[in-house]
Structure formats: structure tokens, C-alpha cells
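**Q** Any chance you could fold what I've pasted below:
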Amino acid sequence: MRLIKQIFKILGVLILVAVLGTLYVLNRGGAFRKIEPHFAGNCASLPLDASAEDMTVDRERGLVYISYLDRQALIKGEGKAAGSVQGTIMRLDLNRLPLVLEDALIDKPAHLRTHGLSLYIDPAGKRSLFVINHPLDRGTEPEHVEVFDEVEPGRFKHRETFASPLFNSPNDMAAVGPRQFYVANDKVLQGGLAAGLQQLGIGASPLTYFDGTAARVVTDDIASGGGMNVSADGSTLYVSETSAQRLRVLERNPADGSVKEMARIAVPTSPDNIDVAADGSLWVTGHANTLKLIQHFINGSPAPTQVLRVVPDGSGGASVEEIYLNAGDQISTGSVGVTYGKKLLIGSITARQILVCEQT
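**A** Below is the predicted model:
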């Protein structure tokens, strides 16, 4: 009888621990947060035939480049076997009204499923677009990074393709040279238990640097790299650690690409893509309720969109201001917000639109 009581006591403790752990994870993911929509300005929807998971701005010219892919069709499996769901890079000229979506590519690889992208401008003003290209069979076939060079204003031609086993699960990237870039992976390199823990937000994924010839891991403790960007002078990397709800700030050595941690900035969201604004502030789009995000991928229900403005203070801290919040009825699963003057453009993982906002 005593043994039975001890077993039930142990089971009770285990159940309590499991319940408390579940509540902690749900609370941390925003499951109990009340969404109170707000934005100081006006927004209008620009309908698309695909989603704009990532965007990058050429502020000198007022051009926005868009990672353009019908991710709704991919999630539903439409045309997946035949590989018919393909993407491209599109362009918006923010100096022209009404806004008109135009193809930014003159040519492209036969297969192109775009994800994170980055614009590199060299000292002479030559522009190159770098974009992650996912294969048909992720996890089996190699992941690629495609590079396109500008051959006329706003129009790019494919130059070359890079691949490495260290691009194991690329989510975003930051170009820092004509053939040099960083890749943020959102999963661990190893499979098995490590991969399972990563899905629970436990464990770390590698940040990879490609030096123009070969790739290497420069830090292996990123808690799921969901987005990244680089400062205007190229000296600082910013990485979204999605499962840890924070930003990693890294000082980079331009000579060899190595990085040194400067700060870890907590944010009230699961951060995704990062825009470095003209004033150097970070505009971070995130998922305010990860349970709603999971439900969205299962049944298509709306998930919140949140945009923060983060200003690092140089001493390891930062000011964090919530600029935009919506439960998902205006735009669902927002993943990127980019700025140009008073404009804020919000793109989504799956929504076939861009939200074009004017701040007051």
C-alpha cells in the first residue's frame, strides 16, 4: 500500500510539473495575451497573387524588393509534387503612385522557392540581391543561396549559386560583400533528440558565414534564427532568436567574418524578420501568439501580426516600442515590416497581400 501511495505521489508531481510547464510555454508564446489592435496611422491592403515573407529596401532609390512565393499553395500541397509552385523577386517603386508590382528579375534559375533575401550595395554603388532558395524536398536536397546582379535600375540578372551542408535550414541571410554573406538557420545541425528539442524552443542552431569560397559556423548557440540584418556600416549583425524571444547583437570582424556577442535584447514577441531603418533603429516583426500561428498552419485561422521598434543603447539594453498590433484580421501571420520615410510596409508568411501603412 505504501508503494502504491508513493507511485501516485510521484505521478501527481509529474503531472503537476507537466501542467506548469505547459502553462509556462503557452504564456511565453502569448496564448493568454489579449490582443488590443493599434497603429498611429492608416493602412491599406495591396493585393498579391503570393505572399511577401521577406522584403528589403533600397532607400537611396525608394525601391522595395520582395521575396515572392505562394506559400499558401505550398502549405496546402498544391502542385508540390510537380514543383509547379515557384517564386521570384518582385519590386515596388515607392516614389510612384499607385504602387505597381513589377518583376525585379530578368532571368532566374529553373527552380526558385524564395525565403530570406538581402540587398548588397558595394562602395561603387553596384547592387546585388541575395536570396535563399529552398529545394523541392527540404531536409533531403541541398539548400541554395542565389545571387543576382543589377544590370539596369531595379532589374537583376542571375550570377551564381552557392550551397553548403552548413545551410541546413536557412531562414534568412545578410549579404556583406559581393560573395560574402551570413545565413541564419532555424534548426540544429543534428537530428534525433536535438531536432525534437529545437521544436520545443530548446537547443540552438548555427549562424553560418560564407567567405566567398567556403562556409563555416561562426556561432552555434542561436535559439532558432528567424531573421537577420546588418547595420549600414556593416559592423554589426542583428539576429532574431525566435524561440528565445530576443535579438542577438553581434559585432563582426570584416577581415574574417568572425563575430563577437555584444548584447541579447529581450522582446515581447517571437521575432521574425528585421529591418534596419534609415535612423539605425530595428523594426522587428514578430508573432505575438505562437499557438495562433500553429493553428493558422493547421486550419488557416488568422494569427496576430506585431511590429516593434527597437533601439539598442550600446550598453546591452534597448528601448522597445510596439508600433503595430493586430489580431490578424487586417493582415495575418505578419513576418516583415520595412520602413521608407513615414511608410511602413508589412508582409506575411502566407497572406496574399502587403499592408501599406502611413504613420501620422
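**Q** where do the helices sit along this structure?
**A** Assigned by DSSP state H, the helices in the chain fall at 2-28, 71-76, 193-199, 290-299.
**Q** Comparing those by mean pLDDT, which bottoms out?
**A** For the helices of the chain, the bottom mean pLDDT is recorded on helix 193-199, which sits at a mean of 44.
**Q** Run through the protein and note the low-pLDDT ranges.
**A** Residue ranges of the chain with pLDDT under 70: 1-33, 78-82, 189-203.
**Q** Let's see that with 80 instead.
**A** For the chain, the stretches with pLDDT under 80 are 1-35, 78-83, 188-203.
**Q** How far does stretch 226-241 stretch from one end to the other?
**A** Separation of the first and last residues of stretch 226-241 by C-alpha to C-alpha, to the nearest Å is 6 Å.
**Q** sorry, that was for stretch 169-180
**A** Length of stretch 169-180, first residue to last, C-alpha to C-alpha: 18 Å.
**Q** mind listing the strands for the stretch 1-150 of the chain?
**A** For the stretch 1-150 of the chain, the strands defined by DSSP state E, counting those that start in this stretch cover 41-47, 51-58, 63-69, 88-93, 102-103, 114-121, 127-133, 144-152.
**Q** and the fourth one, what other elements does it pack with?
**A** Packed against strand 88-93, as judged by 3 or more C-beta pairs under 8 Å, 6 or more residues apart in numbering; DSSP states H and E, are the following elements: strand 63-69, strand 102-103, strand 114-121. For glycine as for every other residue, the C-beta is placed from the backbone atoms N, C-alpha and C.
**Q** the inter-axis angle of the first one versus strand 127-133?
**A** Strand 63-69 and strand 127-133 meet at an angle of 20 degrees, taking axes from the mean of the first three to the mean of the last three C-alpha atoms, to 10 degrees as the criterion.
**Q** Any idea which of the strands of the stretch 1-150 of the chain gets closest to residue 263?
**A** Closest of the strands of the stretch 1-150 of the chain to residue 263 is strand 114-121, at 21.7 Å (criterion: C-beta to C-beta).
**Q** list the buried ones in that closest one?
**A** Within strand 114-121, the residues scored as buried using 16 or more other C-beta atoms under 10 Å are 114-120.
**Q** Relative to residue 303, which of these is nearest.
**A** Each of those was checked against residue 303 using C-beta to C-beta; the closest is residue 115, at 18.5 Å.
**Q** Go ahead and confirm that closest one touches residue 138.
**A** No: contact between residue 115 and residue 138 fails when scored by C-beta atoms under 8 Å: they sit 10.4 Å apart.
**Q** returning to that earlier point: can I get the helices and strands packed on strand 88-93 in JSON lines with distance to residue 234?
**A** As requested, those are exported to JSON lines (distance: least, C-beta to C-beta, whole Å):
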{"stretch": "strand 63-69", "distance to residue 234": "19"}
{"stretch": "strand 102-103", "distance to residue 234": "29"}
{"stretch": "strand 114-121", "distance to residue 234": "10"}
